[in-house]
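Undergrad: mind folding the following:
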Amino acid sequence: AAFGLLLIAVPLVVYLSWQAHGRRLLRDELNAIKAKGEPITTGEMDAWYAAPSGARDITAIWLAAIEPFDTPDFNKATTNVPIVGNGGVAPPLDQPWPDEATVANFLQTYEKEIAALHAAAKEQGEVRFPRKFSQGIALLLPDVQKLRSCVRSLSLELQQKLRAKDVEAALEILETQYAVGQTIH
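TA: Reported below is the predicted structural model:
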């Protein structure tokens, strides 16, 4: 009977010790996060995510610039478009596009929208896309898909500028792509 009790007690003691150690590690980590002034709860995250006081908020500029991307019309226009839609990858720069007209048509159709991305990239300030972290796992991030479509459109434009050997325009596109990435915090 004593042996049976020992068989139960030893694993139980090990398990309880492991649990206590884990709780101590978690408590230490949470205290370190609090000491840095970083959020722990979703409610704290909502307050923390706000644009810094005194900073210029350029969120509205970016929301307007990305709005046309990843809409039903945009997705329909990307049919057979390389990089952006289901047209595959771009061929090497020393080779022509399989369907130059499709690429040119897409870039012409979305010329103003892509120009708006370039203009937004030149703005100085902070971007905080609307978020309600208190929604937890139900939080939707529709702007992320739009940003993905923006970067793909810029990548297609970049391919065209590189093929045309327009280095200055290609560098501007890279700067815009970088700015798009910086909008996500």
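Undergrad: only C-alpha atoms from now on, for both contacts and neighbour counts.
TA: Will do.
Undergrad: what does stretch 84-95 rub up against?
TA: Stretch 84-95 has contacts (Cα atoms under 8 Å, 6 or more residues apart in numbering) with 75, 78-83, 97, 149, 152-153, 156, 159, 162-163.
Undergrad: just curious, which of those is nearest to Ile33?
TA: Lowest distance from Ile33 to the contacts of stretch 84-95 (Cα to Cα) belongs to Ser149, with 34.5 Å.
Undergrad: out of the contacts of stretch 84-95, which end up buried?
TA: Among those, those buried by neighbour count (16 or more other Cα atoms under 10 Å) are 78, 80-83, 97, 149, 152-153, 156, 159, 162-163.
Undergrad: so which one among these has the lowest pLDDT?
TA: Ranked by pLDDT, the buried ones among the contacts of stretch 84-95 bottom out at Trp97, which has 89.
Undergrad: so that one is in which element?
TA: Assigned by DSSP states H and E, Trp97 falls within no helix or strand.
Undergrad: chain neighbours aside, what residue packs nearest to it?
TA: Closest residue to Trp97 apart from its sequence neighbours, by Cα to Cα, 6 or more residues apart in numbering: Pro91 at 6.5 Å.
Undergrad: what is the burial count for the one you found?
TA: The tally of other residues near Pro91 (other Cα atoms under 10 Å) stands at 12.
Undergrad: next one: phi and psi at it?
TA: With angles defined as degrees, to the nearest 10, Pro91 sits at phi -70, psi 170.
Undergrad: and Glu126, by the same measure?
TA: Dihedral angles for Glu126 - degrees, to the nearest 10 - are phi -110, psi 140.
Undergrad: show me where the protein has helices.
TA: In the chain, the helices defined using DSSP state H lie at 2-35, 42-48, 59-66, 72-77, 100-109, 111-122, 142-163, 167-182.
Undergrad: do you know which of those lies nearest Gly136?
TA: Proximity to Gly136 (Cα to Cα) singles out helix 42-48 among the helices of the chain, at 6.8 Å.
Undergrad: what sits up against that closest one?
TA: Identification of contacts with helix 42-48 by Cα under 8 Å, 6+ apart yields 38-39, 131-136.
Undergrad: pLDDT averaged over that helix - what is it?
TA: 89.
Undergrad: still on that earlier bit, just flag the most distant two among the contacts of helix 42-48.
TA: Glu38 and Gln135 (18.6 Å).
Undergrad: can you say which of the helices of the chain is packed in most?
TA: helix 142-163 (a mean of 20; mean count of other Cα atoms under 10 Å).
Undergrad: how far does the lowest-mean-pLDDT helix or strand in the chain sit from the chain's center?
TA: Least confident helix or strand, the chain: helix 42-48 with a mean of 89, by mean pLDDT, DSSP states H and E. Between the centre of helix 42-48 and the centre of its host chain there is 19 Å, according to Cα atoms, centre = their mean, to the nearest Å.
Undergrad: again with stretch 16-32
TA: Chain-centre distance of stretch 16-32: 32 Å, with Cα atoms, centre = their mean.
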